[in-house]
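Participant: Let's see this in three dimensions:
(one chain, ligands or ions: 1)
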Amino acid sequence: MKQVILLGAPGSGKGTQAKLMVSELNFNHLSTGDLLRAEVAKKSDLGNRISDLINSGALVDDDTVLELLRVNIDLANGQYIFDGFPRNIEQAKALDKEVLGSAESKALYFDLDLSIIKERIINRRSCRDCGNIYNLLISAPGKDGVCDSCGGEVYQRRDDNAEVVENRLNVFKSTIDPVLEYYRGKGILTSLDASLSPDDVSTQIHDILG
Ligand code: AMP
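Facilitator: Numbering: from 1, shown residues only. Have a look, this model is predicted:
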């Protein structure tokens with residue numbers, strides 16, 4: 001049983017592939033972005049404290065995110081996909097030390113030219129209910145604003161706009177290298193070509209995970 005860590009810029013397709021891995025490979029999906037957005041939607045104390053940070057594209061502090069991860073994971077439940085975590089080297093080390101322990105894991109890097117990411121993110125829409133992800137240019141929902149899968153509301157995340165994307169990409173660029181180095185050093189990192197279609201990226205993942 002392997003725990004799988006998805007690494008890659010915002011908009012590189014991690015969420016789309018995580019959904020496929022849940023349905024095809026029986027993984028549990030843990031997205032720290034989804035967990036944090038749920039706190040904001042609930043207007044919990046935590047949600048109110050972090051909503052400005054999220055909307056500006058900055059990272060939430062490590063302790064808060066790690067705690068949220070801890071209360072939402074039970075490794076005895078099977079295989080997990082870590083989507084959006086770790087975001088920096090401190091989180092990568094904490095994930096090993098405090099969550100994964102000796103569990104076998106694999107890291108997949110969604111390699112993608114950052115120049116095409118902005119367009120992907122600005123055209124991204126998400127279902128509020130089931131989290132399905134759409135792209136208005138290549139995979140728009142059949143009915144405007146309505147999720148094909150569950151009929152929920154399809155909306156644009158507040159941080160999926162041109163100004164905030166710039167900031168999110170800068171955060172990504174300044175934090176990713178030590179994380180990749182860390183997993184490369186452990187011998188568990190594989191890169192995949194995230195510029196391909198969702199089906200082709202999925203095939204790569206099936207091949208990598210065997
Ligand atoms: P995502 O859905 O992964 O694009 O995350 C959306 C936003 O949630 C990020 O821009 C951060 O503000 C916050 N966030 C998600 N995951 C993390 C994390 N591991 N550490 C810190 N902040 C995070």
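Participant: mind listing what L53 touches?
Facilitator: L59, V60 (C-beta atoms under 8 Å, 6 or more residues apart in numbering). (Glycine included, C-beta is placed from N, CA and C.)
Participant: close to the ligand, is the lowest-mean-pLDDT helix or strand in the chain?
Facilitator: Counting by mean pLDDT, DSSP states H and E, the chain has its least confident helix or strand at helix 117-122, which shows a mean of 92. No. Using C-beta under 6 Å from any ligand atom, helix 117-122 stays clear of the ligand, with a minimum separation of 9.0 Å.
Participant: List of residues touching that helix?
Facilitator: So helix 117-122 is contacted by 9-12, 135, 137, 160-162, 165-166, 168-169 (C-beta under 8 Å, 6+ apart).
Participant: Apply 7 Å and report the result again.
Facilitator: A9, P10, G11, S12, N135, D160, N161, A162, V165, L169 (C-beta atoms under 7 Å, 6 or more residues apart in numbering).
Participant: For those, give me a markdown table that also has pLDDT and neighbour count.
Facilitator: A markdown table is the format used below for the contacts of helix 117-122 (pLDDT from 0 to 100; neighbours: other C-beta atoms under 10 Å):
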| residue | pLDDT | neighbour count |
| --- | --- | --- |
| A9 | 97 | 23 |
| P10 | 96 | 23 |
| G11 | 94 | 27 |
| S12 | 96 | 25 |
| N135 | 94 | 18 |
| D160 | 94 | 20 |
| N161 | 92 | 14 |
| A162 | 91 | 10 |
| V165 | 94 | 22 |
| L169 | 95 | 19 |
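Participant: Can you give the distance of the least confident helix or strand of the chain from its chain's centre?
Facilitator: 15 Å (C-alpha atoms, centre = their mean, to the nearest Å).
Participant: so the residue of the chain most remote from its centre bridges to which residues?
Facilitator: No residue in the chain sits farther from the centre than K143, which is 25.8 Å out by C-alpha atoms, centre = their mean. Taking DSSP bridges as the rule, K143 bridges to V146.
Participant: what residues does the chain put near the ligand?
Facilitator: 10, 32-33, 36, 53-54, 57-60, 65, 84-85, 87, 91, 159, 168.
Participant: repeat that with 5 Å
Facilitator: P10, T32, G33, L36, I54, L59, V60, V65, G84, F85, R87 (C-beta under 5 Å from any ligand atom).
Participant: Filter the residues you listed down to the ones in helices?
Facilitator: When DSSP state H is applied, the residues of the chain next to the ligand are split such that T32, G33, L36, I54, V65 fall in helices.
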